[in-house]
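Undergrad: Dropping the sequence and predicted coords here.
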Amino acid sequence: MRFQTPLIPGRLIRRYKRFLADVDLEDGREIVAHCPNPGAMLGLADPGMRIWLEPNDDPKKKLKFGWRLAELEDGHLAGIDTGVPNRVVREALEAKAIPALAEYDVVRPEVKYGQNSRIDFLLSGPGKPDAYVEVKNVHLRRVGDLAEFPDCVTARGAKHLGELSAMVAEGHRGVMLYLVQRTDCARFALARDLDPGYAVAFDHARENGIEVLCHGTGISHQSVEIGSQLPVLD
């Protein structure tokens, strides 16, 4: 997934009201940028951080900059846009770049299922059970190279786990795919202390047969691409 316009750097002044950020640009301007992330963004929204913005000239958009990346230590990057993972995963599914799901020929996004929900991707192919794939964005790191999810309480996420379990009970595949949008992680685990309820729902769903996948990403100032599969720790 390539960014539509070249990214420009800035320094974060503050993030507020969840979806807004004040930023100092290198040309001396102070601007307000859209922050496409409703989560806690622990460690990714500290004042003074170097961040990367995507400018736009869309007359329909009030804000002319969108926050896309946070610059980390040792040259690593983290993607903060929660809309990016689905775009990255769709490209990867269509290119058969996710080995565990490469046998499917038809990729349908945003299909209604469950109780007033939409599955991120419904995969189908001749002679194969349909695969219901839910994608979650991961960008929390607290210790070493360990990526964690979630970074705050997510009742919606627990609901999705229950609905995937129901699909498995009907004979389909239920797949939870965690996409790590940062380049300094090599393992994945649940942040059980941040949302114990989600952890309970996750364990129950695995017992009921849902599959858990985690992939890293390759992130640059030009694009975000699917990376290698990462181990999931219990």
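TA: Happy to help now that I have it.

Undergrad: confidence score at the residue nearest to Ala186 when sequence neighbours are not counted?
TA: In space, and not counting its chain neighbours, Ala186 is closest to Asp145: 4.3 Å by Cβ to Cβ, 6 or more residues apart in numbering. Every C-beta, even on glycine, is put in place using the N, C-alpha and C of the backbone. Per-residue pLDDT puts Asp145 at 97.

Undergrad: In this structure Asp145 contacts Arg187, no?
TA: Yes. Asp145 is within contact range of Arg187, at 6.0 Å (criterion: Cβ atoms under 8 Å).

Undergrad: Looking at these two, which has the bigger crowd around it?
TA: Arg187 (16 against 10; other Cβ atoms under 10 Å).

Undergrad: The more buried one and Val143: what is the separation?
TA: 10 Å (Cβ to Cβ, to the nearest Å).

Undergrad: Also Arg118?
TA: 34 Å.

Undergrad: Please identify which of those two sits among more neighbours.
TA: Arg118 (12 against 7).

Undergrad: what's whichever strand or helix holds that one packed up against?
TA: Using DSSP states H and E, the element containing Arg118 is strand 117-124. Where contact means 3 or more Cβ pairs under 8 Å, 6 or more residues apart in numbering; DSSP states H and E, strand 117-124 is packed against helix 84-94, strand 106-113, strand 131-138, helix 155-169.

Undergrad: can I get these in TSV with distance to Phe19, mean pLDDT and mean neighbour count?
TA: What follows is the helices and strands packed on strand 117-124, written out as TSV (distance: least, Cβ to Cβ, whole Å; pLDDT from 0 to 100; neighbours: other Cβ atoms under 10 Å):
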stretch	distance to Phe19	mean pLDDT	mean neighbour count
helix 84-94	16	98	20
strand 106-113	22	96	13
strand 131-138	15	97	23
helix 155-169	17	94	18
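
Undergrad: would CSV of these with distance to Gly39 be doable?
TA: Shown next, in CSV, are those (distance: least, Cβ to Cβ, whole Å):
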stretch, distance to Gly39
helix 84-94, 13
strand 106-113, 21
strand 131-138, 8
helix 155-169, 11
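
Undergrad: Mind checking the ones you listed for the one nearest to Gly10?
TA: Comparing the helices and strands packed on strand 117-124 against Gly10 with Cβ to Cβ, the closest turns out to be helix 84-94 (18.8 Å).

Undergrad: so how far is the closest one from its chain's centroid?
TA: Its chain's average C-alpha position is 10 Å from that of helix 84-94, according to Cα atoms, centre = their mean, to the nearest Å.

Undergrad: Dump that helix to CSV, restricted to CA.
TA: Extracted C-alpha coordinates of helix 84-94, given in CSV (Å, rounded to 0.1, in the frame of the first residue of the first chain):
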residue,chain,number,x,y,z
VAL,A,84,-4.1,1.1,6.8
PRO,A,85,-4.1,-2.6,8.0
ASN,A,86,-7.2,-3.6,6.0
ARG,A,87,-5.7,-2.0,2.8
VAL,A,88,-2.4,-3.8,3.4
VAL,A,89,-4.1,-7.2,4.1
ARG,A,90,-6.4,-6.9,1.1
GLU,A,91,-3.4,-6.4,-1.2
ALA,A,92,-1.7,-9.3,0.4
LEU,A,93,-4.7,-11.6,0.2
GLU,A,94,-5.2,-10.8,-3.5
